[in-house]
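[1] Got a predicted model here, sequence first, then my questions.
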Amino acid sequence: MKLVARLFLAVATFAAMGTLVSVPVRAQGLPALRFLGLSPTQPPADSLTSRLAVAHAIDRDTIVRATMAVSAMASPALSIQHPRVAGHNPAARVYPYDQARARERYTRSGWTATISIMVPSPTNRFWELFNNAVADGLRNTLGASVTLQVVTPFRALVDAVRAGQAALYMFGWASVPRDYGYPSFALGLAHDNDIADPEIRALVEKRDAAALEQLLLERALIVPIIHYVSQG
């Protein structure tokens, strides 16, 4: 399966608690990542200052607590690579939640328009709670207007990301052996999402997973939010 199918499997986790019935059995039980992606070419996300404002505004602990009424499987993601997958680097670190830094960068960026995040249609209550917690956190931390733009079918969201038409987007990833750079989440994501950054592309071609993960985090192009394991 191509990118659409792989990402759809990750988005469709916790299917047993929702209505989705088209998930292949082999998609179950995979360590996965839910992340926020920011485009290096689409304003206002093309500004590092804007991306850092968003990265510092992600309160992972609060987001995890918001989903615990449905499932306790999520944990704050402090790296792109899942801790249970080979290649995890404990030294890789996300930007921490910091309201003061987030607001300072948000003000300095000049970003006044509504923050619109493209997301797939939530398949169950867990992902509804998750999406709302992310949006509410950005609103409260930045004092910004935030909307979730549900894109269906999922293929349309993937196409928009790959074409560089999504400034901010959010979905899931689970690595399988056929993925580019397996088992690296960073290599698979950067390759299949076609992130338009020359240094990122060079590292993808070299298959330098460790350096790539660090650069994606430093430039806030991929902002990890939660790690989880898909449920069968």
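    On my side now, so go ahead. Numbers count the residues shown, from 1 in each chain.
[2] Just the buried positions in the top helix by length along the chain, please.
    In the chain, taking DSSP state H as the definition, the longest helix is helix 125-142. Neighbour-count burial for helix 125-142, counted by 16 or more other C-beta atoms under 10 Å, picks out 126-131, 133-135, 137-138, 141-142. (C-beta placed from N, C-alpha, C; glycine too.)
[3] now the strands for the protein?
    Ranges of strands within the chain are 31-38, 75-76, 115-120, 146-151, 168-173, 222-229, based on DSSP state E.
[4] any chance of those in JSON lines, with mean neighbour count too?
    Putting these into JSON lines (neighbours: other C-beta atoms under 10 Å) gives the following:
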{"stretch": "strand 31-38", "mean neighbour count": "24"}
{"stretch": "strand 75-76", "mean neighbour count": "16"}
{"stretch": "strand 115-120", "mean neighbour count": "21"}
{"stretch": "strand 146-151", "mean neighbour count": "15"}
{"stretch": "strand 168-173", "mean neighbour count": "24"}
{"stretch": "strand 222-229", "mean neighbour count": "24"}
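[5] Let's have the ones you listed in JSON lines, adding mean pLDDT and distance to residue 47.
    What follows is these, written out as JSON lines (pLDDT from 0 to 100; distance: least, C-beta to C-beta, whole Å):
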{"stretch": "strand 31-38", "mean pLDDT": "97", "distance to residue 47": "10"}
{"stretch": "strand 75-76", "mean pLDDT": "96", "distance to residue 47": "26"}
{"stretch": "strand 115-120", "mean pLDDT": "98", "distance to residue 47": "13"}
{"stretch": "strand 146-151", "mean pLDDT": "98", "distance to residue 47": "17"}
{"stretch": "strand 168-173", "mean pLDDT": "96", "distance to residue 47": "12"}
{"stretch": "strand 222-229", "mean pLDDT": "96", "distance to residue 47": "15"}
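[6] from the chain's centre, how far out does stretch 157-169 sit?
    Centroid separation between stretch 157-169 and its chain, computed with C-alpha atoms, centre = their mean, to the nearest Å, is 12 Å.
[7] Extract the CA atoms of the longest helix of the chain and return them as CSV.
    Backbone C-alpha positions of helix 125-142 (Å, rounded to 0.1, in the frame of the first residue of the first chain) are rendered in CSV as follows:
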residue,chain,number,x,y,z
ARG,A,125,-14.6,9.6,20.7
PHE,A,126,-10.9,9.3,21.5
TRP,A,127,-9.8,11.3,18.4
GLU,A,128,-12.6,13.9,19.0
LEU,A,129,-11.3,14.5,22.5
PHE,A,130,-7.7,14.6,21.2
ASN,A,131,-8.4,17.1,18.4
ASN,A,132,-10.4,19.4,20.7
ALA,A,133,-7.7,19.3,23.3
VAL,A,134,-5.0,20.3,20.8
ALA,A,135,-7.2,23.2,19.5
ASP,A,136,-8.2,24.3,23.0
GLY,A,137,-4.6,24.3,24.1
LEU,A,138,-3.5,26.5,21.2
ARG,A,139,-6.4,28.9,21.9
ASN,A,140,-5.6,29.2,25.6
THR,A,141,-1.8,29.4,25.2
LEU,A,142,-1.6,31.7,22.3
